[in-house]
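can't give you the sequence, but here's the structure:
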């Protein structure tokens, strides 16, 4: 009974991650032919983050891995669909953004718990930094690979 409940919970979260990503993409007027792919990027990023949180306890490392996934998948899909990378990155990072952590930070400051607010705020900033570092890392590596292939072809 407990296993069925956790499986249903994860399936619900998968659906929410996908639909939140697609809804955000619609809000930002992403081209229609890319909506499902953007949803898949967001879903994949959430799954990478969720699985790495189950394996390791660091939310910062999990966010880094999620960012690497979004960066890599966005680069590949952008080439495949002949669209800008930002089409896939903007929607793809939605499930990774530490919104509840930022809200908890503000709540602690309003309640007067400044040390707890600083602690939560630091974690929020580290998670946001890890997401952007993952995006930059994956994008840089894939672009470097592409440049190397071009240089070998021209020789």
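Now that the structure is in, tell me what you want to look at. Nothing here was measured: the structure is a model prediction, and the numbers come from that model. Numbering: from 1, shown residues only.

got the phi/psi numbers for residue 65?
For residue 65, the backbone dihedrals (degrees, to the nearest 10) come out as phi -60, psi -40.

no no, residue 56
Comment: the main-chain dihedrals of residue 56 come out as phi -120, psi 160, following degrees, to the nearest 10.

my guess is it contacts residue 63, does it?
No: Residue 56 lies out of contact with residue 63 (C-beta atoms under 8 Å); the separation is 11.5 Å. C-beta coordinates here come from the backbone N, C-alpha and C atoms, glycine included.

Who has more neighbours out of these two?
Neighbours of residue 56 and residue 63, each counted by other C-beta atoms under 10 Å, are more numerous for residue 63; the result is 28 against 12.

quick one, what contacts the more buried one?
Applying C-beta atoms under 8 Å, 6 or more residues apart in numbering, one finds that residue 63 lies in contact with 49, 96, 98, 127, 128, 130, 131, 134.

name the element it belongs to?
For residue 63, the host element (DSSP states H and E) is helix 59-81.

Pull out the buried positions in that helix.
Applying a neighbour-count criterion of 16 or more other C-beta atoms under 10 Å, the buried positions in helix 59-81 are 59-75, 77-78.

quick check, nearest of the contacts of residue 63 to residue 30?
Minimum separation from residue 30 among the contacts of residue 63 (C-beta to C-beta) is found for residue 96, which lies at 17.2 Å.

Next, count neighbours for the closest one.
Residue crowding around residue 96 was assessed by other C-beta under 10 Å; the count is 27.

Can you name the residues that contact the residue nearest to it when sequence neighbours are not counted?
Closest residue in space to residue 96, ignoring its immediate chain neighbours: residue 66 at 4.6 Å, by C-beta to C-beta, 6 or more residues apart in numbering. By C-beta under 8 Å, 6+ apart, the contact list for residue 66 reads 45, 46, 48, 49, 52, 95, 96, 131, 134.
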